[in-house]
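> no FASTA, just this:
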């Protein structure tokens, strides 16, 4: 009898290896394959696709719980974790990369600032089917119980059927409420922005400093968008690409530059 | 006689306020309008679209040279500089945001890791015509003399004619050589990737650490791409968008998830 080779799954996140969200993701992925975790040793929220280029990196084995996964704690960003995971820690190319479960929304333009999603985009760059998962609950003791089934379901479908080239998935899951989720809906990124405000304060030495705050403004409202669907209690899936070219603007830009 | 109101131009970069590249950009933009600089107080290369959400920010006036611009040194990332510049430092919305001139290429997938380009993308999010400029020369004493004319020309056209919604420009300028530049060419982002290697070393205490290195691999080669055109000595302009949705994959993803 030949031994079945289980799929190899690489996991990271941006809240750090000790966050509850990544534990939920590990538990679900252990049902699907051999899991290796390479995750930041400290919170990396808002780190986007930052990489460590002027400093060295640490990446050491760590024991976090009694599950079958192997785990490594890394001093770098989520994107660093994917790079060192794929090229140094793993013996072979992973079959899937999953990131999260993030404590908080990565819908709309949050995808641009998100370390969770940067890890998934880096996975797509590495040619591996990749998914970032986020729960719309920022609290550390968020209730992931309803989310788990969707995480398992989406990951198992992707593992089975693969992913188009150059694309990864941005999955957002509503905060649990009395109502159950309506199902899964594939969407586009909502056109919106953060309206920042800066709270200016004085330190004890009389020098000023700022806290950045902000409110999200939905400038879209279409029923094709992730924010719309999340408000209707759907689990949303946005296919995300790393080609940032605005192909349709090439003609316009030629005109603007009089070429 | 009414006084002409000059355009208001906000400048940042990712190499830091003391880098030579931003001085060149300031000099050229002083010819076009009233310039305010809000730039990082230290190098922020590879910071991508990171923002400071768990820490406070400093942003203080600084005097760097005898030019007419006003300057502020900020403890944050390039994206932070744009947010605090637009919402706290400037009295009115700027007419243009420019970032750079970066010491090094932001062609192909480098755009994903670039703090210079994140600042321009953040500018587009703020609804301001925005450009990131990069010179393909990583050295601190890079020769910007040939680049300056192109920087001035592209910025003045954008100031005059505006920019499509949701789009900014990624301008890369070849390293100066015996040959002059062939002109400007509007391109798409090259499909390529960094092949990372990790140089593993031991610290004096016997613990391992890594340096990330890598080689860029062009997997494209089309004459529509920025890498191709840069190799042919063109100044390249890629229109970059912040909608990361892979619209063409929405049908495929519905199939993969059996929806």
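Yes, it's here. In this text, all values refer to a predicted model and were calculated from it rather than measured experimentally.

> so what would you say the end-to-end distance of stretch A:200-216 is?
20 Å (Cα to Cα, to the nearest Å).

> next: stretch A:11-26.
7 Å.

> does any bit of it sit next to chain B?
No: judged by Cβ under 8 Å from any Cβ of the partner chain, stretch A:11-26 and chain B are separated, with a smallest distance of 10.7 Å. Using the backbone N, CA and C atoms, a C-beta is placed for each residue, glycine as well.

> any buried residues in that stretch, and which?
For stretch A:11-26, burial by neighbour count (16 or more other Cβ atoms under 10 Å in any protein chain shown) applies to A:11-17, A:19, A:21-26.

> what does whichever helix or strand residue A:153 is part of rub up against?
Applying DSSP states H and E as the criterion places residue A:153 in helix A:145-161. Residues outside helix A:145-161 that contact it (Cβ atoms under 8 Å, 6 or more residues apart in numbering or on different chains) are A:7, A:9, A:24-25, A:27-29, A:31-33, A:95-96, A:98, A:101, A:129, A:131, A:133, A:135, A:169, A:171, A:173, A:176, A:180-181, A:184, A:235, A:237, B:255-258.

> in strands only, show me those.
A:9, A:96, A:98, A:101, A:131, A:133, A:135, A:169, A:171, A:173, A:184, A:235, A:237 (DSSP state E).

> the second one pairs with what?
Meaning residue A:96. residue A:9 (DSSP bridges).

> dump the residue contacts of it.
For residue A:96, the contacting residues are A:7-10, A:33, A:128-131, A:155, A:158-159, by Cβ under 8 Å, 6+ apart.

> mind redoing it with 7 Å?
Residue A:96 makes contacts with A:7, A:9, A:128-129, A:155, A:158-159, as judged by Cβ atoms under 7 Å, 6 or more residues apart in numbering or on different chains.

> and it, what's its pLDDT?
At residue A:96, the pLDDT value in this model is 98.

> circling back: can I get the ones in strands among the contacts of helix A:145-161 in TSV including distance to residue A:201?
Below are these laid out as TSV (distance: Cβ to Cβ, whole Å):
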residue	distance to residue A:201
A:9	44
A:96	45
A:98	39
A:101	33
A:131	40
A:133	35
A:135	31
A:169	40
A:171	37
A:173	35
A:184	44
A:235	39
A:237	40
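
> poorly predicted segments of chain A, please.
Applying pLDDT under 70 to chain A flags the ranges A:1-3, A:178-179.

> which ones among the buried residues of stretch A:11-26 lie within helices?
Those of those mapping onto helices are A:21-26, per DSSP state H.

> hmm, who's touching stretch A:12-25?
A:11, A:37-45, A:47, A:62, A:64-65, A:71, A:73, A:78, A:81-82, A:85, A:98-103, A:114-116, A:119, A:133, A:135, A:140, A:144, A:148, A:151.

> so which bits of stretch A:26-35 are buried?
A:26-29, A:32-35.

> which of the contacts of residue A:96 sits closest to chain B?
residue A:158 (6.6 Å; Cβ to the nearest Cβ).

> give me the neighbour count for the closest one.
23 (other Cβ atoms under 10 Å in any protein chain shown).

> and it, how close does it get to residue A:168?
9 Å (Cβ to Cβ, to the nearest Å).

> circling back to that earlier point, and the angle from the helix holding residue A:153 to strand A:130-135?
Using axes from the mean of the first three to the mean of the last three Cα atoms, to 10 degrees, the direction of helix A:145-161 lies 170 degrees away from that of strand A:130-135.

> so how far is helix A:145-161 from its chain's centroid?
Distance of helix A:145-161 from its chain centroid, counting by Cα atoms, centre = their mean, to the nearest Å, is 15 Å.

> that older thread, show me the buried residues of stretch A:26-35 that map onto helices.
Short answer: those in helices (DSSP H) are A:26-29.

> picking up where we left off before, can you select the buried ones from the contacts of residue A:96 in PyMOL?
If you want just the buried ones from these in PyMOL, going by 16+ other Cβ under 10 Å, the selection is:
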select buried, chain A and resi 9+128+129+155+158+159
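
> ok, back up a step: between the ones in helices among the buried residues of stretch A:11-26, which sits nearest chain B?
Taking Cβ to the nearest Cβ as the measure, chain B lies nearest residue A:21 of those, at 16.4 Å.

> can you count the residues close to the nearest residue to that closest one once chain neighbours are set aside?
Leaving aside its chain neighbours, residue A:21 sits nearest to residue A:101 (3.9 Å; criterion: Cβ to Cβ, 6 or more residues apart in numbering or on different chains). Using other Cβ under 10 Å, the number of residues around residue A:101 comes to 29.

> residue A:161 and residue B:250, how far apart?
For residue A:161 relative to residue B:250 (Cβ to Cβ), the value is 15 Å.

> surely residue A:181 is in contact with residue A:235?
Yes: between residue A:181 and residue A:235 there is a contact under Cβ atoms under 7 Å: 5.6 Å.

> neighbours of the nearest residue to residue A:31 once chain neighbours are set aside, how many?
Spatial nearest neighbour of residue A:31, excluding adjacent residues (Cβ to Cβ, 6+ apart): residue A:152 at 6.5 Å. Using other Cβ under 10 Å, residue A:152 has 16 other residues around it.

> still on that earlier bit, state the pair within the contacts of residue A:96 that is farthest apart.
Of all pairs drawn from the contacts of residue A:96, the greatest distance, 12.9 Å, lies between A:128 and A:155 (Cβ to Cβ).

> mutual contacts of residue A:158 and residue A:168, please.
Joint contacts of residue A:158 and residue A:168 (Cβ under 7 Å, 6+ apart) are residue A:131.

> what residues does the stretch 151-259 of chain A have near chain B?
Residues of the stretch 151-259 of chain A lying near chain B by Cβ under 7 Å from any Cβ of the partner chain: A:154, A:157-158, A:161, A:164, A:167, A:184, A:186, A:188-189, A:193, A:196-198, A:209-212, A:237-247, A:249-250, A:252-254, A:256-259.

> filter those down to the buried ones and hand me the ChimeraX line.
Only the buried entries of those go into this ChimeraX selection, using 16+ other Cβ under 10 Å:
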select /A:154,157,158,164,167,184,186,188,189,193,196,198,209,210,212,237,238,239,240,241,242,243,244,245,246,249,250,252,253,256,257
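
> follow-up on the earlier one: out of the contacts of stretch A:12-25, which end up buried?
Buried among the contacts of stretch A:12-25 by 16+ other Cβ under 10 Å: A:11, A:37-41, A:43-45, A:47, A:71, A:73, A:78, A:81-82, A:85, A:98-103, A:114-116, A:119, A:133, A:135, A:144, A:151.

> now residue A:122: which helix or strand?
In this assignment (DSSP H and E), residue A:122 forms part of helix A:115-125.

> list the contacts for the nearest residue to residue A:24 once chain neighbours are set aside?
Once flanking residues are discounted, residue A:24 sits nearest to residue A:144: 4.4 Å by Cβ to Cβ, 6+ apart. Listed by Cβ under 7 Å, 6+ apart, the contact set of residue A:144 reads A:21, A:24, A:101, A:135.

> what is the last one paired to in the beta sheet?
Pointing back at residue A:135 there. If you apply DSSP bridges, the partners that residue A:135 bridges to are residue A:103, residue A:173.

> isn't it up against residue A:143?
No: Residue A:135 lies out of contact with residue A:143 (Cβ under 7 Å); the separation is 8.6 Å.

> what number of residues are in the vicinity of residue A:134?
For residue A:134, the count of nearby residues is 28 (other Cβ under 10 Å).

> surely it meets residue A:104?
Yes: Residue A:134 is in contact with residue A:104 according to Cβ under 7 Å; the separation is 6.5 Å.

> give me the common contacts of those two.
Contacts common to residue A:134 and residue A:104, judged by Cβ under 7 Å, 6+ apart, are absent.

> if I look at the residue nearest to residue A:31, how far off is residue A:62?
Distance from residue A:152 to residue A:62, by Cβ to Cβ: 25 Å.

> thanks a lot, catch you later.
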